[in-house]
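K.L.:
dropping a prediction and its sequence here:
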Amino acid sequence: MRFAALTLILALILAAALRAVPPAQAQDVPVDLELILAVDVSRSMDLDEQQLQRDGYVAAITHPEVLAAIAQGRRGRIALSYVEWAGAEAQSKVVDWRLVDGPETAAAFAAALARAPIQQLRGTSIANGLAFVAPEFDRNGYQATRRVIDVSGDGPNNIGLPVEAARDAVVEVGITINGLPIMIKPPGGFAAIGNLDVYYEDCVIGGFGAFQLVVRSADQFAEAIRRKLVLEIADRQPPVASGIATASGERIDCLIGEKLRQRWDR
């Protein structure tokens with residue numbers, strides 16, 4: 001009961017904070033999509049996984065399919081930001097908001113991302129990552145009818161805010177959360193779970209048109225990132241028949257990561 005009450009309080013605080021952010025200004029640049037790439041850099045991600053992840057985003061941003069999806073939008077431009085997250089107080093803007101409207105601006109964004117050092121930080125707080133990035137939509141100088149957070153990671157929330165509370169507060173203000181659960185290696189570590197795809201579907205993604213793509217092998221990484229960006233920019237969902245859009249199996253406790261952490265601490 002005490003935990004349920006705390007969860008409700010945290011959800012209300014986060015929701016109130018998001019609603020209190022000043023509205024868009026008249027000078028904000030209109031774009032087709034405001035997209036935040038929120039990327040896991042916790043130490044559960046091996047350095048080779050992190051390098052694959054970074055290289056996948058660098059390559060995807062300048063890929064002809066992604067550029068074509070941008071060009072086909074009503075305005076032919078999107079606003080893009082890249083943020084890394086790990087524990088409850090470990091979030092960092094790697095590439096701040098930029099306009100991407102063609103090969104030159106895409107290449108500039110990709111170059112800035114490629115230059116940034118890869119971090120490895122402690123903890124996995126998807127929830128605090130969401131709480132960190134969500135207010136950024138309303139102070140970025142851009143305005144779109146679609147606002148999306150693209151969360152990638154290889155483990156469940158195990159510290160900080162409860163993930164359901166954070167997700168629900170973010171979705172409540174009209175932001176969609178999509179997922180890229182990374183299941184390349186067998187589960188390892190105190191909070192690892194074997195059905196991360198189910199966890200992301202039940203506990204992380206949400207909002208209008210939300211979807212996830214699952215990465216199950218290293219050679220899928222770049223393609224999955226590229227495909228996900230194309231679908232987000234074009235405002236489409238992957239076909240369920242593809243077998244990678246919807247998780248299967250028994251549903252999951254969204255506090256599984258926190259419970260595994262408590263067991264490990266004991």
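P.N.:
Happy to help now that I have it.

K.L.:
the longest strand seen in the chain pairs with which strands, parallel or anti?
P.N.:
Ranked by residue count, the top strand of the chain under DSSP state E comes out as strand 91-100. Paired strands of strand 91-100, with direction, are strand 78-85 (antiparallel) (DSSP bridges).

K.L.:
quick check: buried residues in the partner strand?
P.N.:
78-85 (16 or more other Cβ atoms under 10 Å). Every residue, glycine included, has its C-beta placed from N, CA and C.

K.L.:
and if you look at stretch 112-128?
P.N.:
Residues of stretch 112-128 classed as buried by neighbour count (16+ other Cβ under 10 Å): 113, 119, 121, 123-128.

K.L.:
next, format these as JSON lines and append secondary structure and distance to residue 185.
P.N.:
What follows is the buried residues of stretch 112-128, written out as JSON lines (DSSP: H, G, I helix; E, B strand; the rest coil; distance: Cβ to Cβ, whole Å):
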{"residue": "113", "secondary structure": "helix", "distance to residue 185": "24"}
{"residue": "119", "secondary structure": "coil", "distance to residue 185": "20"}
{"residue": "121", "secondary structure": "strand", "distance to residue 185": "19"}
{"residue": "123", "secondary structure": "coil", "distance to residue 185": "19"}
{"residue": "124", "secondary structure": "coil", "distance to residue 185": "15"}
{"residue": "125", "secondary structure": "coil", "distance to residue 185": "21"}
{"residue": "126", "secondary structure": "helix", "distance to residue 185": "19"}
{"residue": "127", "secondary structure": "helix", "distance to residue 185": "24"}
{"residue": "128", "secondary structure": "helix", "distance to residue 185": "24"}
